[in-house]
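> what follows is a predicted structure for the sequence shown.
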Amino acid sequence: MKRRSFTLMAAASVLGVGVLPRISLAADTIPVGSIEVLTGPVSPYGIAIRDGETLALEEINAAGGVLGGKKIALTVEDSAANKDQAINAARKLIGRDKVVAIIGPTLSAEYFALAPMTNQRKVPVIGTSITSIGATDIGPFCFRTSLPEADVIPAALRKAMARGAKTIALLYANDDLFSKSSYDQMKVAAETAGLKIIDIETFATKDTDFSAQLTKVKGLKPDAIGIAALVEPTAGVLLQARQLGFGAETQFLGGNGANSPRLGEIAGAAADGIMVGSPWFIAKDTPQNKAFIAAFNRKYGKNPDQFAAQAYDTMHLLARAIDKAGAADPLKIRDALMQVKQDGVMGPLSFNAKRDPASAEGVLVLEMHAGKFSIAP
Amino acid sequence: MLAQQLVNGVLLGATYALFALGFTLMFGVLKVINLTYGFYFTAGAFAALFFTRYVVASVWLALPVAAIAAGIIAMACDGLLLTRLRRRGAPELSSLMVTVGAVLALNSAAAALFSPDIRRLPVGLVSVESFNFWGVRVTTAQFLVLGASIVLVGALIWLLRGTRVGVAIRAVAENPEAAGLMGINTGRTAALVSFVSGALAGAGGMLIGLNFNAIHPYMGEEMMLRGFVVVIVGGLGDIRGALIAGLMLGVVEVLTAGYIDSGMKEAVSFAILVLVLWTRPSGLFGAPKLRRA
C-alpha cells in the first residue's frame, strides 16, 4: 500500500502534475527557485552552490525573513548537467512554483539554454558560477554574481609586473573551449597591462609532452609564463618546465583552470610559485568571511569552496533586493537588483549596467607553496 | 637550443618506440590488430601505481610487477577473446571488432573503478633532478625510458633470433598451420607471445607514466594512434623498425613544434605517415611480401 502511493507520487512528479499542496505557495512565504547540477560528474559544483545558498537562506529566515516577516521558501531543482532538464526545471519553477527569481544554473551551457525563456517570462535569473563572455547579454532579466575571467586574470598579471615582469610567453590548450577562452582573456589582459607578449605556444589538452614548446620558450627568456589550460595539462607543463631548468626567476601564472587544489596534488613542488587570480579564498581575512566559514562548518562539517561562497553572497543579495522591491513581484525585484549593494564574503557586490558584478575589488592573487595556495604577499 | 630539442625528440620518440614494441610483436606474430593492447599499457601503469603506493616504493621491484601483471592480463584477454575466433578461422575483421568492443568495455570499467583522475607514481620514486650535459637536460625517468627501449629491443631480437622459442614464434608467424604440423604447440606459442607483448606494454606503461607523471585509465588509448603510426611505418612485426620509426616520429614532432608551429605538430607528423605509406606500402623497413617476426 505504502509502495503504491509512492509509485503514484513518483508518476505524478514525473508527469509534472502537482498533486500535493506546495508549501512554497502558502501566502506568508516568498518562493525562490534554484537550478543546479545535483547528480553526475559535475555535481560537486552544484551541491556546493546548494549548500551555500541554503545556509544563507536559513540565516535570512532566522533573522526575520523579508518584506516584514515573510520567509523565503527555496525550491532547488536538479538539472543533471542537461540543458533540456534545466529548461524544464525553469518552466516548472516559474509556472507551478511561481518563483520570483531563480538562482543558477550551474553551467554556462545551461544558462545560455534557459535564459532566453526566463527573460521572456520576465523572471530574474542570477548565475553564481557563470564565467562565459556574453551570458548576461541575453536580456534585462539575466544577471550573474560570478566574475568573468577577464576580471580575475589582470590581478595576477599586475602582481607579476609589480615583481618586475616585463615580458610574458603564453601557452594554451587549443583544443578546448574553456582553455581557449581563458587564453583570449589572458592575452587581452597582458596587452592592456603593458606586458610584452614574446611568444605564444599551443598544445592539446591530452598531451603529456610539452618539451618542444618549453625549450623554445626557455630560449626566449620571458620574465613570466601564462598557462591557459585545465588543471591536468597545467600541472604537466609545470613539471616539465622544472625538468628543463626553469627556476624561480620565471614567474608562472595560471588561468581559472589552475585555481584548483589538484594542481598541487599532481605537480607537487614543481607548482611552487605559480600565481592565479581568485574571486574568493578560504583564508581571506575579513569578518564576513570568517563568520561564513564558521557557520558553514557548523552546518555541514566541512569547509566551503568558492562556489558555496558565491552562492551564499548571491542569496543574501537577492533577499536585500526582495526587501527593497517591497513586493514579491519579479519586475520590481529586477529593478531592485540593479540598485542593491552588499559587502559580503566575496567583497563588495552590486551589478553594473550589463548586470555583471560591478567590482573586481574582492579579487585575490594566490600563490602556491608546497602544494597549497595562500594569498600572495 | 637545437641540441636540447633533438634530445627532447629522441626522448619523446623513445616513449613511442617503447609503447610500440609489444604492439608490433603481437601484430606481426598473431596477425591480429589487437586494440586491447592500450589497456595492457594502462594496466601495467596502475599495477606499478598500487605496488609502489601500498607495497614497496621501488622502481626496480615495481617494473617486473607491472610487466608480469600486464603480461598475465594480456594472456587472459587473448585467450578469452581471440582463441575461439582463431580456431574457427574467423576473418580478421571479426577479431578486430572483438578487440574494439573489449577495449571500450575495459577502459570504461577501469575509469569507473579507479575514476578518470590523473594520478602519479609516488613523489621521490626516482630523482626529479635533471642531469645537465653542456646545457642539455635529461631526467632519470627519461634515461630509464631510453635505456629500457634499447635493452628491450636487444632482448626481443635475441629472443626471436637466438632461441628455440624464437624459432617457434617465427614459424607460427610465418604459417600457423604448417608450424602446428611440425609439432609446434601453436596455442601455447600464441599465449607466450601475448604474455611477452603484454609485459612489454606493462613495463612501458609504468616508465612512461613515471616520465610524464600522468597515470589514468585512458593513457593507453591516447598512445594507440602514435603506436599505430610507429608499427606501420616501421613495418609490421619489425622490432628494429619500430625503434627507428618511434625515434623519427618523436624528432619530427618536436622539431615541428620548436621551429615551425606547435599547432602543426600532428599535421606534419601524420602527413609524413601518408607520404611513407604512399611510397612504401609495407613501411619504411619492410620489404614487400616479406614477413618478419
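That came in fine, so what should we check first?
> what does the stretch 101-250 of chain B put close to chain A?
Taking C-beta under 8 Å from any C-beta of the partner chain, the part of the stretch 101-250 of chain B that reaches chain A is made up of B:117-120, B:123, B:128, B:130, B:132, B:137, B:139, B:212-214, B:222. No exception for glycine: its C-beta is placed from N, CA and C like everyone else's.
> closest to residue B:107 out of those?
Nearest to residue B:107, judged by C-beta to C-beta, of those is residue B:222 at 10.7 Å.
> still on that earlier bit, out of the residues of the stretch 101-250 of chain B next to chain A, what pair is the most spread apart?
B:117 and B:132 (33.1 Å).
> who's more crowded, the two?
residue B:117 (13 against 10; other C-beta atoms under 10 Å in any protein chain shown).
> which residues touch that one?
Residue B:117 makes contact with A:262, B:216, according to C-beta atoms under 8 Å, 6 or more residues apart in numbering or on different chains.
> SS state for it?
coil (DSSP: H, G, I helix; E, B strand; the rest coil).
> over to residue A:170?
Look at residue A:170: counting by three-state DSSP, its state is strand.
> got it, and residue A:252?
Following three-state DSSP, the label given to residue A:252 is strand.
> lowest average confidence, helix or strand, in chain A?
helix A:2-15 (a mean of 44; mean pLDDT, DSSP states H and E).
> now the residue nearest the centre of chain A: how far from chain B?
Nearest to the mean C-alpha position of chain A, counting by C-alpha atoms, centre = their mean, stands residue A:129 at 2.8 Å. Separation of residue A:129 from chain B (C-beta to the nearest C-beta, to the nearest Å): 21 Å.
> please report phi then psi for that residue.
Here the main-chain torsion angles of residue A:129 (degrees, to the nearest 10) amount to phi -140, psi 20.
> you'd agree it is up against residue A:49?
Yes: using C-beta atoms under 8 Å, residue A:129 is in contact with residue A:49, at 6.4 Å.
> and for those two, which residues touch both?
Common neighbours of residue A:129 and residue A:49 (C-beta under 8 Å, 6+ apart) are A:106, A:307, A:310, A:311.
> tell me where the model's unsure across the chain.
By default, I'm working from chain A. For chain A, the stretches flagged by pLDDT under 70 are A:1-27.
> that answer is for a different chain, and I need it for chain B
Along chain B, segments meeting pLDDT under 70 span B:286-293.
> please enumerate the helices of it.
Counting by DSSP state H, chain B has helices at residues B:2-30, B:37-54, B:59-87, B:92-114, B:140-162, B:164-174, B:176-181, B:186-212, B:219-234, B:239-255, B:265-279.
> of all the ones you listed, which one comes closest to residue A:367?
Nearest to residue A:367 among the helices of chain B is helix B:186-212; the distance by C-beta to C-beta comes to 25.5 Å.
> residues of that closest one that come out buried?
Buried residues in helix B:186-212, counted by 16 or more other C-beta atoms under 10 Å in any protein chain shown: B:186, B:189-212.
> show me what that helix is packed against.
On a contact count with 3 or more C-beta pairs under 8 Å, 6 or more residues apart in numbering or on different chains; DSSP states H and E, helix B:186-212 meets helix B:2-30, helix B:37-54, helix B:59-87, helix B:140-162, helix B:164-174, helix B:176-181, helix B:219-234.
> does chain B sit close to stretch A:200-208?
Yes: counting by C-beta under 8 Å from any C-beta, chain B has neighbours in stretch A:200-208: A:201, A:202, A:203, A:204, A:206, A:208.
> what's the end-to-end length of that stretch?
Using C-alpha to C-alpha, to the nearest Å, one end of stretch A:200-208 lies 18 Å from the other.
> can you give the contact residues for that stretch?
Contacts for stretch A:200-208 (C-beta under 8 Å, 6+ apart): A:169-176, A:179, A:187, A:210, A:213, A:216-217, A:229-230, A:232-233, A:236-237, B:212, B:214, B:222, B:257, B:262-263, B:266.
> turn the helices and strands packed on helix B:186-212 into JSON lines, including mean neighbour count.
Shown next, in JSON lines, are those (neighbours: other C-beta atoms under 10 Å in any protein chain shown):
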{"stretch": "helix B:2-30", "mean neighbour count": "25"}
{"stretch": "helix B:37-54", "mean neighbour count": "25"}
{"stretch": "helix B:59-87", "mean neighbour count": "19"}
{"stretch": "helix B:140-162", "mean neighbour count": "18"}
{"stretch": "helix B:164-174", "mean neighbour count": "18"}
{"stretch": "helix B:176-181", "mean neighbour count": "14"}
{"stretch": "helix B:219-234", "mean neighbour count": "23"}
